[in-house]
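S.K.: I'd like to go over a predicted model; first the sequence, then the structure.
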Amino acid sequence: MDGSYTNSGLAEQETDLSTTINIKPVERQDSNLLLAEEKITFSWSNLSVEVPGGSNKRCCGILPSKGNPKPPKQILKNASGIVRPGEFLAIMGASGAGKSTLLNTLLFRNLGGLKATGTRLANNKEVTPNSLTAVSAYVQQDDLFIGTLTVKEHLTFQALVRMDSDIPSKQRMKRVDTVIHELGLTKCAQTVIGKPGQVKGISGGQMKRLAFASEVLTNPAIFFCDEPTSGLDSFMAASVVEILRTLAKQGRTVICTIHQPSSQIVELFDKILLMAEGRTAYLGDVKMANTFFESCDLPCPINYNPADHYVQMLAVVPGEEEQSRKRIEGVCEKFNSSPQGQELRELSSIVPDKSDSSSNRASPYKASWGAQFSALMWRSWLSVIKEPLIVRVRILQSVVIALILGAVYFGQEYTEEGVMSMNGAIFLFITNMTFSNMFAVINVICMELPIFLREHFNGMYRTDVYFLTKQLAELPLFLITPVIFIGIMYFMIGLNPAFERFAIACGILELLTQVVVSFGYLISCMASSVEMALAVGPTILIPLMLFGGLFLNNSTIPVYLEWMKYFSWFMYSNEALLINQWDGVEDIKYKCQPPAPENCTISVGGEFVLEKLHFSKDNFTFDICMLAVLCVGFRVIAFLFLLLKTFRKK
C-alpha cells in the first residue's frame, strides 16, 4: 500500500491522514540469536497474575479493603497465546477481563505489588526485559512527548539513541525524513508538539502517528500497542489500525489491546484474543470467531457489530453474576477443547532454548554512553531554551521581585533600625532563592519523569546520563537568576559597598541556589506526582526556615530539635551572608539603653550585630563547606531515588 486506504470504503481525505507506510527492513548483524532473527514468533503460556493476599496497595485498579486480609485475587489465570510474523492480533474483552494486565505482563511492566508466573518465548527462546526491549516497540495509550520540541527534533533524538551504533549519522537523518514522509507528518515536521494548556501544537491524530513514527524508526520485529484508538475519531481510529495492519504485513509481529472497535476496524485484524475473567476465551481468526460462538449457542445477530457481541457475551453483568460466570465458563471450556485450545496447551510443553545465555545479559541500549550524553544534552538544552515558563518567566520574575524589594528596603543606613532592615533583606535573598528555584525544579522535573521512565524502559538511555544532562542543561539559568536578583537589590538597599563583599555575596547565593535545586531534585525524584511533591516540599521547608536565625535565635533552640538545624541551608547561608556583611564594619549607631538620655547613641562594630544573633565569624568557612555538602548530598540521594524508580520487578 502506498497511497490511500482502500479498506471498507474509507473516503479519501487529507493526504497527511491517509498515508500508510512502506518501510524496508533493516538487516541485523548481532550475534545474539534473538536479535539476529528478523521475524519473531512470540508466545506465552500459563501466565498467571495475582494480588498477594492481605495487600493494602492499589494494583491495576484493585483496592483491597482495610478490614481483614483477603485471600490472593487472580487477575490472569493460566493465559496462553501465540502470534506469528505477519499477524496482527487484537486483545479484546470487557472491563476487568485482564487485557491490560496481560499486555503489561508480556512486557514486564507495571507489575509492582503483583505476583506474575508463566513463560514468555520469542522463537522458542525465553525472553527477559532487556532482550525483549531490544527487539520490540511499545506504543502506550498516553502520548508523552517533550512539548517544546518540533516533530523532526523529536524523531532526530529518537534516531540518535535508538538506532544501531554502526549506522552513520547521515543515514539516520535520511531515515528520519523517510519516516516523516511515510507516516504523513511532512506538513507538521517543523511544528512544535505542544503542551495542553501551555503550548499549542500538533493535533491528536498527528501525535498518535508521531508515537508510531518513533517506534518504526528502528524496524522492531515485535510491535506492542495499548489502546491505539483511544480518544480518536472513527476515521483516524481506522487509519491508525490500518498502519498497524501494514506493519504486520511487512513481517512484524503486532499485538495490541483495543476497546470497542467498530465493525470496520474489526475486519482489519488477522486474529483476535478474547479475554474473560482473566482467562483465554478465544484466540483465532476473526472470520472464525462467529462460527465458534455459534457452536456455543451464542451467535452474533445480523447487522450487529461482532466485537460488541463478543464482549457482551464475555462480560459479568451486574445483577446476573452467576449466569454470566456460568456462560463465561462454558465458552472457555469450549475453546479449551477446540483444536486452537489444544495448540495453546501444547505451548506449555515447549522447552525454552537457553543455549545462548547472552540474551539474558543483553544491554537494552543501542547507543554508547557518550552518544546518549550528547543526544540528551542537545534535547535538554533545546527544551530549556524553548520553554517559556523556564526562561522568560523566571528571568522576568527575578527582575520584578528584586525591584519591588529593592524599593521597599531602599537606602538603609547603618543604624539600629537599618541593621534590622538589612538583616531582613538578606534573609529575603535566601527565602526568595529557595522558594522560586525549588518550585521551578519540582514543576519541571515531576512533569518530565513519566517521559524519562518510558524512554528508559524502552532502552533509550541510562539513568545517570539523564540525571547529569538535565542538570547541566539547566545550570546556566540557575547561575544567571541569582546574579540578576542580588545585583539589583544589593546596592539599592545599601549593603556593604566593597566590591569583594558583593562578589562573595553573589558566590554564597549561587551556592545556596545549587543547594535548593538539589533539594528540588530530591523531592521530585522521591515523590510520585507533582501534587505530592508540592505538598511535601513546603512541609519540610518551614521547619528548616525557622532555624535560619531570623525567626528563632539559635541559642533558644530546644536540645531535642537542635540536630535539625544542621540540615538547614537557611542557617548556613544566613550566617555566611551576615558575616560577609558585618565583619569589619565600624560605626553602627545604636541607641543607649535607659536611663541614658533619649538622644544618646553609641557606635558599635559589626561583631556586636553578629553576637546578638549568636553567629560567629569563625564559622564562615564551615558554613560554606556545609552548603557544598548539602548540595552534593541532596543530589546523590535524589539520584538514588530516581534509580530506584527504574528497577524492574523480577
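M.R.: Ah, there it is.

S.K.: wait, what's in contact with the residue nearest the centre of the chain?
M.R.: Nearest to the mean C-alpha position of the chain, by CA atoms, centre = their mean, lies residue 450 at 1.2 Å. For residue 450, the residues meeting the contact criterion (CB atoms under 8 Å, 6 or more residues apart in numbering) are residue 144. Just so you know, the C-beta spots here come from the backbone N, C-alpha and C atoms, and that holds for glycine as well.

S.K.: cool, and the one 4 residues further on?
M.R.: For residue 454, the contacting residues are 140, 144, by CB under 8 Å, 6+ apart.

S.K.: For it, pull up the helix or strand it's in.
M.R.: Counting by DSSP states H and E, the element that carries residue 454 is helix 416-457.

S.K.: Could you do residue 120 as well?
M.R.: Residue 120 is part of strand 115-122 when elements are defined by DSSP H and E.

S.K.: same question for that strand, mean pLDDT?
M.R.: Per-residue confidence for strand 115-122 averages out to 88 on the pLDDT scale.

S.K.: where's the residue nearest to the centre of the chain relative to residue 402, distance?
M.R.: When distances are taken as CB to CB, to the nearest Å, residue 450 and residue 402 turn out to be 35 Å apart.

S.K.: quick one: residue 309 and residue 303 touch, right?
M.R.: No. Counting by CB atoms under 8 Å, residue 309 stays clear of residue 303, with 11.2 Å between them.

S.K.: what's the average pLDDT for stretch 290-299?
M.R.: For stretch 290-299, the per-residue pLDDT values average out at 90.

S.K.: and what of stretch 247-260?
M.R.: Mean per-residue pLDDT for stretch 247-260: 88.

S.K.: Contact partners for residue 279?
M.R.: 77-79, 98, 328, 332.

S.K.: these two touch, right, residue 296 and residue 337?
M.R.: No. Under the criterion of CB under 8 Å, residue 296 lies out of contact with residue 337, with a separation of 11.3 Å.

S.K.: which of these two has more neighbours?
M.R.: With other CB atoms under 10 Å as the criterion, residue 296 and residue 337 differ in neighbour count, and residue 296 comes out ahead with 17 against 9.

S.K.: wait, what's in contact with that one?
M.R.: If you count contacts by CB under 8 Å, 6+ apart, residue 296 has them with 330-331, 334.

S.K.: Can you tell me which of those are buried?
M.R.: Listed as buried from the contacts of residue 296 are 331, 334; burial here means 16 or more other CB atoms under 10 Å.

S.K.: What about the contacts of residue 296, which are in helices?
M.R.: Residues from those lying in helices, with DSSP state H as the criterion: 330-331, 334.

S.K.: Can you report how many residues lie near residue 518?
M.R.: Taking other CB under 10 Å as the neighbour definition, residue 518 ends up with a count of 22.

S.K.: With residue 74 instead?
M.R.: Neighbour tally, residue 74, other CB under 10 Å: 16.

S.K.: My understanding was that it contacts residue 48; is that so?
M.R.: Yes. Checked against CB under 8 Å, the pair residue 74 and residue 48 is within contact range at 6.6 Å.

S.K.: roughly how far apart are residue 147 and residue 226?
M.R.: Taking CB to CB as the criterion, residue 147 is separated from residue 226 by 21 Å.

S.K.: likewise residue 624?
M.R.: Going from residue 624 to residue 226 by CB to CB gives 51 Å.

S.K.: How far does whichever strand or helix holds residue 256 sit from its chain's centre?
M.R.: Counting by DSSP H and E, the element that carries residue 256 is strand 253-257. Computed by CA atoms, centre = their mean, to the nearest Å, the separation of strand 253-257 from the middle of its chain amounts to 23 Å.

S.K.: Repeat that for stretch 430-450.
M.R.: Between the centre of stretch 430-450 and the centre of its chain there are 16 Å (CA atoms, centre = their mean).

S.K.: Mind listing what's buried along that stretch?
M.R.: Per 16+ other CB under 10 Å, stretch 430-450 contains these buried residues: 430, 432-434, 436-446, 448-449.

S.K.: Contact partners for the closest residue to residue 152 other than its chain neighbours?
M.R.: What sits nearest to residue 152 in space, not counting adjacent residues and going by CB to CB, 6 or more residues apart in numbering, is residue 189, at 4.6 Å. Taking CB under 8 Å, 6+ apart as the contact definition, residue 189 lies against 150-152, 180.

S.K.: Following element in sequence after the helix holding residue 454, please.
M.R.: helix 463-493.

S.K.: quick one: the strand or helix carrying residue 214 to helix 416-457, angle?
M.R.: Here residue 214 is covered by helix 204-216, with elements defined by DSSP H and E. Here helix 204-216 points in a direction 70 degrees away from that of helix 416-457 (axes from the mean of the first three to the mean of the last three CA atoms, to 10 degrees).

S.K.: picking up where we left off before, packing partners of the strand holding residue 256?
M.R.: strand 73-83, strand 88-93, helix 99-106, strand 222-226, helix 234-249 (3 or more CB pairs under 8 Å, 6 or more residues apart in numbering; DSSP states H and E).
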